[in-house]
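>>> Build me a model from this:
(one chain, ligands or ions: 2)
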Amino acid sequence: MPIQEKCRILDHQKVAPFHFKITLVSKYISSHAEPGQFVNVRCSQDYDPLLRRPLGVHNVNPEEEIFELLYEIVGKGTELLSKHQVGQEIDILGPLGNGFDINKDKKVAILVAGGMGVAPLLYLAKFLRSTIHDPRSIHILIGTKTKELILAEKEFKTLTDNVIVSTDDGSYGKKGFVSDVLLETLDPRTIDASATIYACGPKPMLKAIAEIAFQKKIDCQVSMEARMACGIGTCLGCVINTTKGYQKVCDDGPVFDAKEIVWTS
Ligand SMILES: Cc1cc2nc3c(=O)[nH]c(=O)nc-3n(C[C@H](O)[C@H](O)[C@H](O)COP(=O)(O)OP(=O)(O)OC[C@H]3O[C@@H](n4cnc5c(N)ncnc54)[C@H](O)[C@@H]3O)c2cc1C
Ligand code: FES
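Ligands and ions are numbered 1, 2, ... in the order given. Reported below is the predicted structural model:
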């Protein structure tokens with residue numbers, strides 16, 4: 001059940017040229033948000049921009065009653081958000097949407113993040129680490145365009161040794177698309193149908209990951225993005241085409257079974 005709340009900013013750090021991590025105080029969201037859910041953020045202190053902006057829950061700490069968001073400045077809303085100072089309050093609606101479906105029978109978890117896709121996957125990795133998997137069975141692949149855009153690598157490495165970083169230009173880690181790196185990693189002796197892939201990132205990457213998962217008969221869940229208006233399932237502004245018909249990313253998703261998405265180029 002989402003709530004609307006003014007959350008105090010406990011910390012707000014620039015972590016890359018256009019990327020920020022913000023820590024917010026909320027007893028409710030820190031203890032109710034599930035991996036893969038998002039919050040809808042009023043990015044300014046007034047109504048310009050009118051619409052809230054969706055951001056995935058990056059991390060939670062229920063004991064300290066805080067949660068984190070990791071975001072990139074891409075336009076007006078995120079630019080205004082980045083100007084907020086520690087101690088100010090931000091109007092948040094959440095947690096929203098359906099997160100990842102954790103299949104406790106699956107032995108291996110493969111998390112694939114493209115670009116800002118790391119945002120919800122850190123919380124998922126932490127959750128998997130604390131509830132189901134031993135660290136050896138969690139594999140994390142982080143792909144970005146170039147070295148300075150790699151985020152949260154250190155945090156992922158506290159959870160498992162199996163973290164592979166790749167950059168499209170080869171400036172850090174393996175060179176190439178993260179989907180190609182995934183193929184190299186998919187050693188049939190260790191990673192097979194007993195695995196689940198959890199992916200978040202740009203649509204072409206998700207499509208490529210979904211195809212690999214389909215060929216290898218591996219369950220795959222993808223966190224989809226769409227421009228959103230209401231964020232709570234009423235405006236139909238965020239629908240995508242699926243095998244079940246049109247579905248709302250904000251309400252039916254954002255996480256879907258990759259087999260259900262009607263992928264277009
Ligand atoms: C469920 C969900 C979770 C998200 N989680 C995160 C997150 O954790 N961190 C993060 O940095 N971003 C995340 N996003 C994307 C984020 O919501 C957008 O970047 C943000 O709304 C842009 O707002 P803006 O006002 O800064 O940019 P705008 O001025 O609204 O847009 C700037 C540019 O970005 C494009 N754009 C904006 N939103 C989207 C979108 N949803 N899909 C594709 N293109 C878009 C616009 O077309 C435009 O070209 C998420 C989106 C969704 C749907
Ligand atoms: S954003 Fe309104 S229905 Fe999804």
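
>>> So M205: helix, strand or coil?
Per DSSP: H, G, I helix; E, B strand; the rest coil, the secondary structure class of M205 is helix.

>>> In contact with it: list those residues for me.
V112, G114, G117, G143, F177, V178, S179, A199 (CB atoms under 8 Å, 6 or more residues apart in numbering). Where you see a C-beta, it was placed from the backbone N, CA and C, and this is true even at glycine.

>>> what about 7 Å?
By CB atoms under 7 Å, 6 or more residues apart in numbering, the residues touching M205 are G114, V178, S179.

>>> ranking those residues by neighbours, who comes first?
Highest neighbour count within those, by other CB atoms under 10 Å: V178, with 28 neighbours.

>>> Test my guess that that residue contacts I140.
No - using CB atoms under 7 Å, V178 is not in contact with I140, being 10.6 Å away.

>>> Now pLDDT and secondary structure too, for the contacts of M205, in CSV please.
As requested, the contacts of M205 are exported to CSV (pLDDT from 0 to 100; DSSP: H, G, I helix; E, B strand; the rest coil):
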residue, pLDDT, secondary structure
G114, 96, strand
V178, 94, helix
S179, 92, helix
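
>>> which of those lies closest to ligand 2?
Proximity of those to ligand 2 (CB to the nearest ligand atom) peaks at G114, which lies at 22.4 Å.

>>> What is the burial count for the closest residue to that closest one other than its chain neighbours?
Among residues not flanking G114 along the chain, G201 sits closest, at 2.5 Å (CB to CB, 6 or more residues apart in numbering). For G201, the count of nearby residues is 25 (other CB under 10 Å).

>>> Verify the contact between G201 and L111 for me.
No - at 10.8 Å, G201 and L111 do not qualify as touching, with contact defined as CB under 7 Å.

>>> What are the buried residues along the helix or strand encompassing F214?
Assigned by DSSP states H and E, F214 falls within helix 203-215. In terms of neighbour count (16 or more other CB atoms under 10 Å), helix 203-215 has its buried residues at K203, M205, L206, K207, A208, I209, A210, I212, A213.
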